[in-house]
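Just the structure for this:
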Amino acid sequence: GWYFAEAMGLYNTSEYKHVDLWINGNFVGNYIICESVEVGDNRIEINDLDKANEDANDGVDLEALPKGGTGANGSVPSGSVKGSAKWVNIPNSPENITGGYLLECDFYDRYDAEISGFVTNSGQCITVKSPELATESEVKYIQNIVNHAFEALESDNGYSSEGKYYTEYFDMDSFVSMYILQEISKNLDAALSSFYMFKAEDNDKLYVSPVWDMDHGFGDYYQRFGSNIGEPSGWWSNSITYWSGNRIRTILTKAYMHEDFRNMVSAKWSEFESSGIVENAAGEIGTLSELLTKTGTMNAIRWNHYSSRDYDTSRNGFINASNVNKNFVLTRKGYLDKGFAADASMLYYDANGSTGAVYNHTITSIGDTVTVKGLT
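A predicted model of the protein is given here:
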């Protein structure tokens, strides 16, 4: 995922290294050591509102302050309450609260464990990762922006109640590139969890970046929400209609329902094709597989990944797993070449008992015959 993200030019992509970890002379596995997603120098270089909040409240222990929210009598509501918000009751906000904000889309139960955040009017849980200890005015400021951005995406004509088109709320280059990365990988958590956006100070745009946590992608998972995401065919990121708790379409699904977004994706895909990005990624997988075969085999034996501690069994298991990733991206490229082509088609329809448009996961072109069915 990071290799693709860097090649696609996504902002603030983490640097990483593969490492063997030994503790007290004992081998405990092969890991990736990487830069975490956080605001700071050489990370996400936006204004640090946590630091600004500390400066505006000199001598106050912010962590000891009570929590507030839009629940009854100022209580902190759960992630299942649409339009709600939660914050820390900090006395003073900085003079400039336009940024920076680091936001994460997440499941509602994980949202409940975080300190600051909000739920959009449609039900999307957004954790405010920075400032983690956010003031009421900060949370309500960024909630208002995200609410209107999502409102525009969810509308048929792409406009919010402010009269602004959805492209005015998002940095479209990062949005389109992130969609393609999530689609080619069929990442289980695409726009569901570990999905980040950030907003810099004095900048109106939401940037859909950086990428994080793609362990259930590139053929490494199986059935979910009626789609086999371990299989390289079919749509995924543009057809997720389930949201934990609130059951809404994700940000990627909403975006792809707009024709101009699909056109932007097709244009960006053509750019990536000309650079050989998929073939280069497959070559990188092969190179890493060869480099890591011995340590990967040791790791498999250490953690009994293949129900055997036999060396040859573990070695073959590691090599086969690497080949799954490589073959997945190469095969999936063929399907997306069709899906992102000029004559690609998307069929939206109403199913019995549903709320909103649905469609099958099959990648189709104009002239194809498809079978539609209702929802159970």
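
tell me what the helix or strand where residue 272 lies is packed against?
Counting by DSSP states H and E, the element that carries residue 272 is helix 259-275. In this structure, helix 259-275 makes packing contacts with helix 2-8, helix 172-185, helix 251-256, judged by 3 or more CB pairs under 8 Å, 6 or more residues apart in numbering; DSSP states H and E. Every C-beta, even on glycine, is put in place using the N, C-alpha and C of the backbone.

Report the angle between the helix or strand that comes right after that helix and helix 172-185.
Moving toward the C-terminus from helix 259-275, the first helix or strand encountered (DSSP H and E) is helix 277-303. Following axes from the mean of the first three to the mean of the last three CA atoms, to 10 degrees, one obtains 60 degrees for the angle between helix 277-303 and helix 172-185.

So for helix 277-303, mean pLDDT?
Mean pLDDT, computed over helix 277-303, is 93.

Give the buried residues for that helix.
Using 16 or more other CB atoms under 10 Å as the burial criterion, the residues of helix 277-303 that qualify are 277-278, 281-282, 285, 288-289, 292, 295-301.

buried set for stretch 67-85?
Buried residues in stretch 67-85, counting neighbours by 16+ other CB under 10 Å, are found at 68, 69, 70, 76, 77, 78, 79, 80, 81, 84, 85.

Can you flag which of those residues belong to strands?
When the buried residues of stretch 67-85 are checked against strands (DSSP state E), the matches are 68, 69, 85.

what's the closest non-adjacent residue to the last one?
Same thing as residue 85. Beyond its immediate neighbours in the sequence, the residue positioned closest to residue 85 (CB to CB, 6 or more residues apart in numbering) is residue 118, lying 3.9 Å away.

so the one you found, which of the three states?
Secondary structure assignment for residue 118 (DSSP: H, G, I helix; E, B strand; the rest coil): strand.

Just the pLDDT for it.
You'll see residue 118 listed with a pLDDT of 97.

That one touches residue 86, doesn't it?
Yes - taking contact to mean CB atoms under 8 Å, the distance of 7.2 Å between residue 118 and residue 86 places them in contact.

any shared contact partners between the two?
Each of residue 139 lies in contact with both residue 118 and residue 86 under the rule CB atoms under 8 Å, 6 or more residues apart in numbering.

Out of the buried residues of helix 277-303, which comes closest to residue 234?
Within these, distances to residue 234 taken as CB to CB reach their minimum at residue 278, with 17.2 Å.

Touching, that closest one and residue 184? I think so.
Yes - with contact taken as CB under 8 Å, residue 278 and residue 184 are classed as touching, separated by 7.3 Å.

so what sits against both of these two?
Here residue 278 and residue 184 share the contacting residues 329, 333, scored by CB under 8 Å, 6+ apart.

Render the CA-only coordinates of stretch 40-57 in CSV, please.
Taking only C-alpha atoms (Å, rounded to 0.1, in the frame of the first residue of the first chain), the coordinates of stretch 40-57 have been written out as CSV:
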residue,chain,number,x,y,z
GLY,A,40,4.6,17.0,13.4
ASP,A,41,7.9,17.7,11.5
ASN,A,42,8.5,15.3,8.7
ARG,A,43,5.1,13.8,9.3
ILE,A,44,1.9,15.7,8.6
GLU,A,45,3.2,19.2,8.6
ILE,A,46,0.2,21.2,9.5
ASN,A,47,-0.4,23.5,12.5
ASP,A,48,-0.3,21.6,15.8
LEU,A,49,-3.6,22.6,17.5
ASP,A,50,-2.8,20.5,20.5
LYS,A,51,0.2,22.7,21.1
ALA,A,52,-1.8,25.8,20.4
ASN,A,53,-4.4,24.7,22.9
GLU,A,54,-1.7,24.3,25.6
ASP,A,55,-0.3,27.7,24.8
ALA,A,56,-3.8,29.3,25.1
ASN,A,57,-4.4,27.6,28.5
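
Tell me who's in contact with residue 14.
Residue 14 makes contacts with 2, 34, 35, 36, 37, 210, 212, as judged by CB under 8 Å, 6+ apart.

Low-confidence stretches in the stretch 201-350 of the chain?
Within the stretch 201-350 of the chain, the set of residues satisfying pLDDT under 70 comprises 223-227, 241-247, 349-350.

and if we set it to 90?
For the stretch 201-350 of the chain, the stretches flagged by pLDDT under 90 are 213-231, 234, 236, 238-250, 282, 284-285, 308-309, 321, 324-325, 345-350.

element containing residue 52?
Since the elements are taken from DSSP H and E, residue 52 ends up inside helix 49-56.

gap between that helix and the chain center?
Centre-to-centre, helix 49-56 and its host chain are 28 Å apart (CA atoms, centre = their mean, to the nearest Å).

Stretch 271-285 now?
Counting by CA atoms, centre = their mean, stretch 271-285 is centred 21 Å from the centre of its parent chain.

Could you list the residues in contact with it?
When contacts are taken as CB under 8 Å, 6+ apart, the neighbours of stretch 271-285 outside the stretch itself are 3-4, 7-8, 180, 184, 322, 325-326, 329-330, 333, 337.

please redo it, this time with the cut-off set to 6 Å
3, 4, 7, 325, 326, 329, 330, 333 (CB atoms under 6 Å, 6 or more residues apart in numbering).

Could you dump these into TSV with distance to residue 263 and neighbour count added?
Formatted as TSV, these follow (distance: CB to CB, whole Å; neighbours: other CB atoms under 10 Å):
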residue	distance to residue 263	neighbour count
3	27	15
4	22	25
7	22	19
325	30	20
326	30	19
329	24	22
330	25	15
333	20	19
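
Nearest to residue 129 among those?
After measuring the contacts of stretch 271-285 against residue 129 - CB to CB - the closest member comes out as residue 4, at 22.7 Å.
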